[in-house]
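Peer 1: please work out how this folds:
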Amino acid sequence: MSAAAAILHIHDLHVRYRQRKVLCGVDLHDIQPGELVALAGPNAAGKSTLLKAIAGLVPASGQVRYGNDNWSGWSARKRVEHIGFMPQTSAETSNLTVLEATLVSLQCARTGSRKDDELNALRVIEHLGIGELALRALHELSGGQRQLAALAQAVVRGSPILLLDEPVSALDLAHQWQVMNVARRLADEGRIVIVVLHDLALAAQWADRIAILHRQRIHAFGRPNDIITDSLLREVWGVHARVRTCEQGRPFVLVDAVATDRNACDTSQ
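Peer 2: Numbers count the residues shown, from 1 in each chain. Here you go, the predicted model:
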């Protein structure tokens with residue numbers, strides 16, 4: 001898998017659904033190859049929409065620049081070659097096996113065929129610890145198993161940018177660690193990895209930086225120990241909470257109560 005060399009910049013990104021603003025002037029600059037960025041924020045803050053806008057899956061205005069290229073001019077095939085995208089939900093009724101779905105994802109990223117495609121797909125599946133699922137149909141899997149299968153489809157292309165939308169939401173603790181460990185390793189190999197996470201402790205454990213979405217914009221963007229504060233939790237999530245540091249120096253959150261004026265802080269749209 002080749003490493004990326006370009007830096008990702010997102011500038012003044014706007015997204016509307018009908019007449020409703022979902023994202024308004026989002027800026028994220030200097031996302032480096034080798035960096036894992038966690039995207040967090042309250043429900044309905046627009047996290048999934050931001051990932052889709054970066055991937056070109058929803059109409060958006062503004063700029064997404066990868067090195068010197070503005071992605072707005074890229075063809076669908078070029079996007080597929082550069083971006084691995086894992087959606088929040090995956091197909092529940094497909095008769096494809098996990099191996100077949102992974103192969104399809106790999107072959108969609110390029111033209112022609114290679115005799116080692118099946119071996120490469122199997123390696124990724126084994127790497128994710130789901131080798132026993134390779135020949136099972138997607139519709140037979142649990143929600144958590146389908147998420148792991150979807151991750152295999154996103155990872156197998158070797159794309160320099162990997163976008164993961166809540167990849168651990170239906171997984172137990174062991175599989176959460178497994179998925180995040182893979183995401184961390186892919187970043188360490190030179191990819192840009194952006195992951196939507198609800199668990200701030202998990203984000204602090206694995207991410208180099210965290211971007212907090214609030215009121216349709218980026219409220220804070222920085223290293224976990226710098227941006228996860230009592231005041232941020234009050235402003236963005238509307239909770240009274242204490243931020244503490246574990247023995248490894250990572251922040252974690254203890255929520256004491258919902259703020260009485262929480263509606264004033266609510267970001268639902």
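
Peer 1: shouldn't S105 be in contact with V155?
Peer 2: No: S105 is beyond contact range of V155, at 9.0 Å (criterion: CB atoms under 8 Å). The way it works is simple: take the backbone N, C-alpha and C, and place the C-beta from them, glycine included.

Peer 1: of these two, give the one with the bigger neighbour count.
Peer 2: V155 (25 against 21; other CB atoms under 10 Å).

Peer 1: wait, that one sits on E126?
Peer 2: No: in this structure, V155 is not within contact of E126 by CB under 8 Å, at 12.0 Å.

Peer 1: show me the strands in the stretch 151-269 of the chain, by range?
Peer 2: 161-165, 192-196, 209-214, 217-222, 239-245, 251-258 (DSSP state E, counting those that start in this stretch).

Peer 1: ok, and the closest non-adjacent residue to H139?
Peer 2: Closest residue to H139 apart from its sequence neighbours, by CB to CB, 6 or more residues apart in numbering: T93 at 5.2 Å.

Peer 1: typo on my end, it should be R79
Peer 2: Among residues not flanking R79 along the chain, G56 sits closest, at 5.2 Å (CB to CB, 6+ apart).

Peer 1: count the residues that sit near the one you found.
Peer 2: G56: 19 neighbours (other CB under 10 Å).

Peer 1: phi, psi of it?
Peer 2: Main-chain torsions, G56, degrees, to the nearest 10: phi 80, psi 20.

Peer 1: next: A40.
Peer 2: Torsion angles, degrees, to the nearest 10, at A40: phi -130, psi 170.

Peer 1: and the closest residue to A201 other than its chain neighbours, what's its pLDDT?
Peer 2: Nearest in space to A201, with sequence neighbours left out and distances taken as CB to CB, 6+ apart, is F252 at 4.5 Å. pLDDT recorded at F252 is 91.

Peer 1: pretty sure F252 sits against V243.
Peer 2: Yes: the criterion here is CB under 8 Å, and F252 meets it with V243 at 7.4 Å.

Peer 1: follow-up on the earlier one: who does the residue nearest to A201 bridge with?
Peer 2: F252 has these beta-bridge partners by DSSP bridges: R244.

Peer 1: count the neighbours of it for me.
Peer 2: 17.

Peer 1: which stretches of the stretch 101-250 of the chain form helices?
Peer 2: Taking DSSP state H, counting those that start in this stretch, the helices of the stretch 101-250 of the chain run over residues 117-127, 143-155, 173-188, 200-206, 224-227, 230-232.

Peer 1: and those helices as CSV, adding mean pLDDT and distance to A134?
Peer 2: Converted to CSV, the helices of the stretch 101-250 of the chain look like this (pLDDT from 0 to 100; distance: least, CB to CB, whole Å):
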stretch, mean pLDDT, distance to A134
helix 117-127, 89, 5
helix 143-155, 86, 9
helix 173-188, 89, 16
helix 200-206, 94, 26
helix 224-227, 96, 36
helix 230-232, 94, 43
